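Engineer: predicted model, plus sequence, below.
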Amino acid sequence: MAYAVRYSRYGPPEVLTLEEVAPPEPGPGQVRVAVRAAGVNPADWKIRSGAFSADASQPPKRPQGTGLDLAGTVEAVGPKVT
């Protein structure tokens, strides 16, 4: 299993939860990274706050992940990865 920091409603950092998830399988042209460090940049907190949502009063359609900046090791590759 893997872990992901996600949110199911827009808001402050307190809406974030640590969830156990199945590791995703990479698709064509994608890789899966074992994350060792992650950062939060201005785009992350603006997205989480609902600043880019057409209607931030409505929850996201599904749990959303956060963390656009990361460092780690590639552990799986999908087809057509060079």
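Structural biologist: Structure's in. What do you need?

Engineer: tell me how far the lowest-mean-pLDDT helix or strand in the chain is from the chain's mean position?
Structural biologist: When the helices and strands of the chain are compared on mean pLDDT, DSSP states H and E, strand 64-65 comes out lowest with a mean of 88. Chain-centre distance of strand 64-65: 4 Å, with C-alpha atoms, centre = their mean, to the nearest Å.

Engineer: can you check stretch 34-54 too?
Structural biologist: With C-alpha atoms, centre = their mean as the basis, stretch 34-54 stands 8 Å off its chain's centre.

Engineer: what does that stretch contact?
Structural biologist: With contact meaning C-beta atoms under 8 Å, 6 or more residues apart in numbering, stretch 34-54 is reached by 5, 7, 10-13, 15-16, 56, 60, 64, 66-75. C-beta coordinates here come from the backbone N, C-alpha and C atoms, glycine included.

Engineer: ok, now which ones touch the residue nearest to S8 when sequence neighbours are not counted?
Structural biologist: Take S8 and drop its neighbours on the chain: the residue closest to it by C-beta to C-beta, 6 or more residues apart in numbering is P63, 5.0 Å away. Counting by C-beta under 8 Å, 6+ apart, P63 touches R6, Y7, S8, E19.
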